[in-house]
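Enquirer: here is my input; please provide its structure:
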Amino acid sequence: MQLQPDKAGHPVTQNLADIVSLLNKNGYVVRKKTVSADNSHQTIMPVATYCPWALDSKFIEIYENIRSLTCVDVYRLHSLWNLTAQVRNLQGAILEVGVWKGGSGILMATRAEQTGQDAAVYLCDTFTGIVKTSDRDNHHLDGDFNDTSAAQVKADVLSRGLDRVAVLKGVFPEETAALVGVPLKLAHIDVDVYESARSTFAWIWPRMVSGGVIVFDDYGFASCRGITRFVNEISGRNDATFIYNLTGQAILIKR
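Expert: Numbers count the residues shown, from 1 in each chain. All right, here's what the predicted structure looks like:
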């Protein structure tokens, strides 16, 4: 980048793009700060620097293997990776509702196998996109994320040698819950919209063992305010411990 000097001979940037380019070249990351009209969503920039995912060779291997099959970023995936290992001494199955192309589900199934768990893993999705959108949601529409198929996810599961995974097609819980073995010890709810989260949670919670964990993927994102609203409604339950992970996940642990 060639910068023009001012009258004193100091280089002067010509526009914002020049400033960003110069900072990037010198090791800085530039983000646009965003604030929603009601102040509930702002750009979050934690100052912590410890990156355990970068030191975990087993995680990095599976992450690189499945990253094209998921919209979930490395930070959230590492949370799922760790939680899957932490429930290894609990009895029950692992459930994901909202699978898309299967990346996060494959990651959890792989980690369960690595940590000696014989738990069944159920991956449930319509495979025709999001359902149950309502006026409580602000962005997604029915049919979003429909560029997938149960056959594709099954093939990807089998190609990785995961033999305890069941891929179930249909609306959860109405069409597929009866096929899920219970009790449950870990559930990943990645459904993007209020009503789907509500009905999914209502089915899961009474079937969750003490110490079991539910992870809501979409809690911290401005495009999924229905999820934020629903989780806030249940976060004060007397039978749960609630954690907001700055990855954007909400974690509910059953007491």
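
Enquirer: can you give me the neighbour number for Lys25?
Expert: 9 (other Cβ atoms under 10 Å). Glycine gets a C-beta too; all of them are placed from N, C-alpha and C.

Enquirer: and it, how far from Ile19?
Expert: 11 Å (Cβ to Cβ, to the nearest Å).

Enquirer: show me the residue at the heart of the protein, geometrically.
Expert: Taking Cα atoms, centre = their mean, the centroid of the chain lies closest to Asp217, which sits 3.7 Å from it.

Enquirer: now do the contacts for it.
Expert: Counting by Cβ atoms under 8 Å, 6 or more residues apart in numbering, Asp217 makes contact with 72, 76, 98, 188-190, 227, 248-249.

Enquirer: where exactly do the strands run in the stretch 51-200 of the chain?
Expert: 93-97, 121-125, 165-169, 184-189 (DSSP state E, counting those that start in this stretch).

Enquirer: any idea which of those gets closest to Gln42?
Expert: Gln42 lies closest to strand 184-189 among those, at 24.5 Å (Cβ to Cβ).

Enquirer: contacts for that closest one, please.
Expert: 80, 83-84, 87, 90-98, 104-105, 108, 119, 197, 200-201, 204, 207-209, 211-217.

Enquirer: among the residues you listed, name the buried ones.
Expert: 80, 83-84, 87, 90, 92-98, 104-105, 108, 119, 197, 200-201, 204, 207-209, 212-217 (16 or more other Cβ atoms under 10 Å).

Enquirer: so which of those residues are in helices?
Expert: Those of the buried ones among the contacts of strand 184-189 mapping onto helices are 80, 83-84, 104-105, 108, 197, 200-201, 204, per DSSP state H.

Enquirer: between the residues you listed, which is nearest Ala222?
Expert: Ala197 (16.2 Å).

Enquirer: so who does that closest one touch?
Expert: Counted by Cβ under 8 Å, 6+ apart, Ala197 has contacts 189, 191, 216, 226-227, 230-231.

Enquirer: how close does it sit to Lys58?
Expert: 31 Å.

Enquirer: and Asp142, by the same measure?
Expert: Distance from Asp142 to Lys58, by Cβ to Cβ: 38 Å.

Enquirer: the two: who's more crowded?
Expert: Asp142 (14 against 11).

Enquirer: next one, pLDDT for the more buried one please.
Expert: Note on Asp142: pLDDT of 91.

Enquirer: from memory it sits against Ile130, does it?
Expert: Yes - using Cβ atoms under 8 Å, Asp142 is in contact with Ile130, at 5.8 Å.

Enquirer: which residues of this structure fall in helices?
Expert: 16-25, 57-66, 74-86, 103-114, 150-159, 194-204, 225-234.

Enquirer: among the ones you listed, which is nearest Gly181?
Expert: Per Cβ to Cβ, nearest to Gly181 of the helices of the chain: helix 194-204, 12.8 Å.

Enquirer: quick one: average pLDDT of the closest one?
Expert: On average, helix 194-204 scores 98.
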